[in-house]
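Asks: give me a model of this one.
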Amino acid sequence: MLFSRPGQRNLITDVPGILVGNAEDHNVRTGVTVLTSPHPFVAGVHIMGGAPGTAETDLLAPDKLVDKVDALVLSGGSAFGLSAADGVRTALREEKRGYHLGGHYIPIVPTAILYDLNNGGQKNWPDGTYQRLGQQALHDTALQFTLGNTGAGTGAHAGTHKGGLGSSSLLLENGIHIGALVAVNAVGSAMTPDGGHFWAAPFEIHAEFGGKGLPPSVNGLDVPDIKASLSAQENTTIAIIATDAKLDKADAQRLSIAAHDGFARALVPAHTPFDGDLVFTAATNKHDEPITPELMLQLCHAASVCMARAIARGVYEAEKINVLI
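Replies: Got it, this is the predicted structure:
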């Protein structure tokens, strides 16, 4: 068996050294999620959707100079949400955190956004809204956080259902922790066409997204009403995998690639031309076990399972609350 149970909180913050903060503006119906650690951490990324919105992701390629980052940001607001990183970066600089060069601290804050501009909120937001939300989310980072209609998942949809922020974790038998954090805002649906079951049900642990059981036998071509989802123009699922395994940037990139399997297990369809589907990986390197091909296989499988569960949890927790959106 590759893993025995979820971590203590069943959140990505079960990974030692990982903290998460969220901030929302319910009038605008948008929000920001920040993942950070007390110390810089290794990061990687892989993008499979056809319509991504990102900043500083090129730095995460294994051949680039900067080897660690200070925070990762997931934001609503489409391209406007990229400015959330400015608030995070400013706050980190004040703490003298960042890449040190020529006497200056330059915080490295890769960012990904989702599109939530058509969800009915007040979109004439004042200047600095996303910077403020980013800074607030950073200041509110903690071990415990709420799922569903919070952070970057505040204004999200998943097909024709309410989307939201989801998370999950696993503890491998060798003591390595791995977790997922995701803002689910997909063209595809996390639920079967009858609306009663989650596609990710085979991976559910302890009824974490309702215990509805396995989906009924359905025709693989009988997908949800994609036209209805596209008419709302709500798209992109953005996510983070975190682990305390000892990874380098190439390993982190490989883990991001594998975690996309969780998208395909939990969303139908996934990775569409209208989604900007993206997975960051954050590695704190606190566990000393050397990475072998066999261990990497275990981590990749665990990452995909965590991601599928986190996606279902995000939609489940969002759907539990009656939100006019």
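Asks: from now on I want contacts and neighbour counts done on CA atoms only, so please keep to that.
Replies: Fine.
Asks: tell me where the stretch 151-300 of the chain has helices.
Replies: Counting by DSSP state H, counting those that start in this stretch, the stretch 151-300 of the chain has helices at residues 226-232, 249-266, 293-319.
Asks: take the ones you listed and lay them out in CSV including mean neighbour count.
Replies: Shown next, in CSV, are the helices of the stretch 151-300 of the chain (neighbours: other CA atoms under 10 Å):
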stretch, mean neighbour count
helix 226-232, 14
helix 249-266, 24
helix 293-319, 25
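Asks: of these, which is nearest residue 197?
Replies: For these, proximity to residue 197 was assessed by CA to CA; helix 293-319 is nearest, at 9.9 Å.
Asks: most centrally placed residue in this structure?
Replies: Of all residues in the chain, the one closest to the mean position by CA atoms, centre = their mean is residue 239, 2.1 Å from it.
Asks: pairing partners for the residue lying closest to that one once chain neighbours are set aside in the sheet, please.
Replies: Counting by CA to CA, 6 or more residues apart in numbering, residue 239 lies nearest to residue 182, which is 4.1 Å off, once chain neighbours are set aside. Beta bridges link residue 182 to residue 166, residue 239 when assigned by DSSP bridges.
Asks: tell me who's in contact with residue 182.
Replies: Shown in contact with residue 182 (CA atoms under 8 Å, 6 or more residues apart in numbering): 165-167, 237-240, 307, 310-311, 314.
Asks: correct me, but residue 145 touches residue 21?
Replies: Yes: between residue 145 and residue 21 there is a contact under CA atoms under 8 Å: 7.1 Å.
Asks: before we move on, the earlier item: closest one to residue 213 among the helices of the stretch 151-300 of the chain?
Replies: Nearest to residue 213, of all the helices of the stretch 151-300 of the chain, is helix 293-319, at 12.5 Å by CA to CA.
Asks: now that closest one against helix 249-266, angle please.
Replies: 50 degrees (axes from the mean of the first three to the mean of the last three CA atoms, to 10 degrees).
Asks: mean confidence score for helix 293-319?
Replies: Mean per-residue pLDDT for helix 293-319: 96.
Asks: by contact count, what packs against it?
Replies: Secondary structure elements in contact with helix 293-319, counted by 3 or more CA pairs under 8 Å, 6 or more residues apart in numbering; DSSP states H and E, are strand 161-162, strand 165-172, strand 177-183, helix 249-266.
Asks: got these as JSON lines, with distance to residue 67 and mean pLDDT columns?
Replies: Formatted as JSON lines, the helices and strands packed on helix 293-319 follow (distance: least, CA to CA, whole Å; pLDDT from 0 to 100):
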{"stretch": "strand 161-162", "distance to residue 67": "37", "mean pLDDT": "92"}
{"stretch": "strand 165-172", "distance to residue 67": "25", "mean pLDDT": "97"}
{"stretch": "strand 177-183", "distance to residue 67": "21", "mean pLDDT": "98"}
{"stretch": "helix 249-266", "distance to residue 67": "7", "mean pLDDT": "97"}
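Asks: mind putting the ones you listed in TSV, distance to residue 8 included?
Replies: Listed next are the helices and strands packed on helix 293-319 as TSV, based on distance: least, CA to CA, whole Å:
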stretch	distance to residue 8
strand 161-162	27
strand 165-172	9
strand 177-183	11
helix 249-266	21
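Asks: those: which one's closest to residue 107?
Replies: Closest approach to residue 107 among those (CA to CA): helix 249-266, 17.7 Å.
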